[in-house]
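J.: Turn this into a structure:
(one chain, ligands or ions: 3)
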Amino acid sequence: MSNSNRLRIAVQKSGRLSDDSIALLKAIGIKLNIRDRLLIAHSTNQPIDLLRVRDDDIPGLVMDGVVDLGFIGENELEEKMLERKAAGKPFEYEVLRRLDYGGCRLSIAVPNEMDYDGIQSLEGKKVATTYPYLLERYFKEQGINAKAVMLQGSVEVAPRAGVADAICDLVSTGATLEANGLVEKDVIFRSKAVLIKRADGELSDEKETLVNRLMPRVDGVLLAKESKYIMLHAPKAYLEQVKSLLPGAENPTVLPLAGNEEQVAIHVVSTETLFWETMEKLKALGCSSILVMPIEKMMG
Ligand SMILES: Nc1ncnc2c1ncn2[C@@H]1O[C@H](COP(=O)(O)OP(=O)(O)OP(=O)(O)O)[C@@H](O)[C@H]1O
Ligand SMILES: O=P(O)(O)OC[C@H]1O[C@H](OP(=O)(O)OP(=O)(O)O)[C@H](O)[C@@H]1O
Ligand SMILES: [Mg+2]
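T.: Ligands and ions are numbered 1, 2, ... in the order given. Coordinates of the predicted model:
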């Protein structure tokens, strides 16, 4: 393989995980020149190549050591791990970070009109899914004798088409199920996107050093996304009450305001949400100029 000294990262080419994965790589300082039709994108400022593929291929590419890192949904990762294990192929990987996107659940859903009284109602039935290994594992754990019917797409039409009695598919808002006259019953797996690394110990020292340098940046981006910088003017007389209202503000910065003896400025970084209700309470205490601002990057 050419340029094997460059770190190879697999991302979904086009789908639910693509934009967020690329955005994360850019946020940690990797400049990318992505051309829509091309499978490989080279970073212009780091020894990194991006492989843009179907998400189904990503676990295998990492487990076979074809790429060093990959962004993948835990649902797909776990399914492929079970499939490869059953086939006697390498199925090892290391999770570097659980990420803050791609959140969904793999659930069993049944037609509205079906009498469903718990998972035992599926005894002897057929369930359509793209995740047969995860589903069969669940049936086994529950002691149910049901059959997983593999479908690559349009799983939600399977009951109407007479292909299966129920389905097991990814759910986020539930809109797809509702539109197809299905009701969610049992959550069998909760998933988020993860960043994984090959676990065969074959990364060169240079690549290992690069990964170790990038990970604190990933943490910085994740932390920044869940943090806010809050600034406000508060009456000195109510300082303690104001502090107790601010979420996660154990050590706020308190600054004097030029030409204003009555008030001080308070600055604080918070990982909790500042709700409108709290802002209204702060206002009622005499606070003013209350600003809640996003943070771009953080490093401890
Ligand atoms: N509704 C959803 N909300 C949030 N995340 C989701 C949702 N649906 C799927 N995902 C996550 O995104 C991953 C990719 O979903 P997507 O629908 O883009 O896959 P795909 O159709 O298999 O794409 P590909 O063409 O790459 O095979 C899923 O495996 C899951 O982890
Ligand atoms: O609960 P909801 O918010 O409706 O989301 C669930 C749907 O999202 C995913 O499909 P996606 O929209 O990514 O399209 P795809 O089926 O073409 O992959 C998944 O396969 C479900 O069909
Ligand atoms: Mg796929």
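J.: close to ligand 3, is the one helix or strand L25 maps to?
T.: L25 is part of helix 18-27, with elements assigned from DSSP states H and E. No - using Cβ under 5 Å from the ion, helix 18-27 stays clear of ligand 3, with a minimum separation of 11.5 Å. C-beta coordinates here come from the backbone N, C-alpha and C atoms, glycine included.
J.: Report the buried residues of the next helix or strand after that helix.
T.: Once helix 18-27 ends, the next helix or strand along the chain (criterion: DSSP H and E) is strand 40-42. Within strand 40-42, the residues that count as buried by 16 or more other Cβ atoms under 10 Å are 41-42.
J.: Parallel or antiparallel, list what pairs with the next helix-or-strand element following strand 40-42.
T.: As assigned by DSSP H and E, the chain's next helix or strand after strand 40-42 is strand 48-53. Its sheet considered, strand 48-53 pairs with strand 7-12 (parallel), strand 40-42 (antiparallel) by DSSP bridges.
J.: can you tell if stretch 17-35 touches ligand 1?
T.: Yes - applying Cβ under 6 Å from any ligand atom, one finds stretch 17-35 in contact with ligand 1 at L17.
J.: actually stretch 154-164, sorry about that
T.: No - using Cβ under 6 Å from any ligand atom, stretch 154-164 stays clear of ligand 1, with a minimum separation of 11.1 Å.
J.: got the buried residues for that stretch?
T.: Neighbour counts over stretch 154-164 (16+ other Cβ under 10 Å) mark 155-156, 158-159, 164 as buried.
J.: Give me the neighbour count for S4.
T.: As a burial measure, S4 scores 10 neighbours (other Cβ atoms under 10 Å).
J.: Would you mind stating the distance between it and A86?
T.: 30 Å (Cβ to Cβ, to the nearest Å).
J.: quick revisit: will you turn the buried residues of stretch 154-164 into TSV that also has secondary structure and pLDDT?
T.: Formatted as TSV, the buried residues of stretch 154-164 follow (DSSP: H, G, I helix; E, B strand; the rest coil; pLDDT from 0 to 100):
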residue	secondary structure	pLDDT
V155	helix	98
E156	helix	97
A158	helix	98
P159	helix	97
A164	coil	98
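J.: With respect to L32, which of these is nearest?
T.: Checking those against L32 with Cβ to Cβ, the nearest one is V155 at 33.2 Å.
J.: Checking the spatially closest residue to that closest one that is not a sequence neighbour next. Helix, strand or coil?
T.: Of all residues not flanking V155 in the chain, D169 sits nearest, at 4.6 Å (Cβ to Cβ, 6 or more residues apart in numbering). Here D169 is strand, with the state taken from DSSP: H, G, I helix; E, B strand; the rest coil.
J.: Report pLDDT for D169.
T.: Note for D169: predicted pLDDT of 98.
J.: E250 now?
T.: pLDDT at E250 comes out at 68.
J.: same check, this time on K125
T.: Looking at K125, its pLDDT reads 98.
J.: Can you tell me the number of residues neighbouring it?
T.: Count around K125 with other Cβ under 10 Å applied: 15.
J.: That one touches N145, doesn't it?
T.: No - between K125 and N145 there is no contact under Cβ atoms under 8 Å: 9.3 Å.
J.: Tell me which residues of stretch 87-100 come out buried.
T.: By neighbour count on 16+ other Cβ under 10 Å, the buried set for stretch 87-100 is 91, 93, 96-97, 99.
J.: let me fix that: stretch 131-150
T.: Here stretch 131-150 shows 131-139, 144, 146-149 as buried, counting by 16+ other Cβ under 10 Å.
J.: Show me which of those is closest to ligand 3.
T.: Nearest to ligand 3 among the buried residues of stretch 131-150, counting by Cβ to the ion, is Y131 at 10.9 Å.
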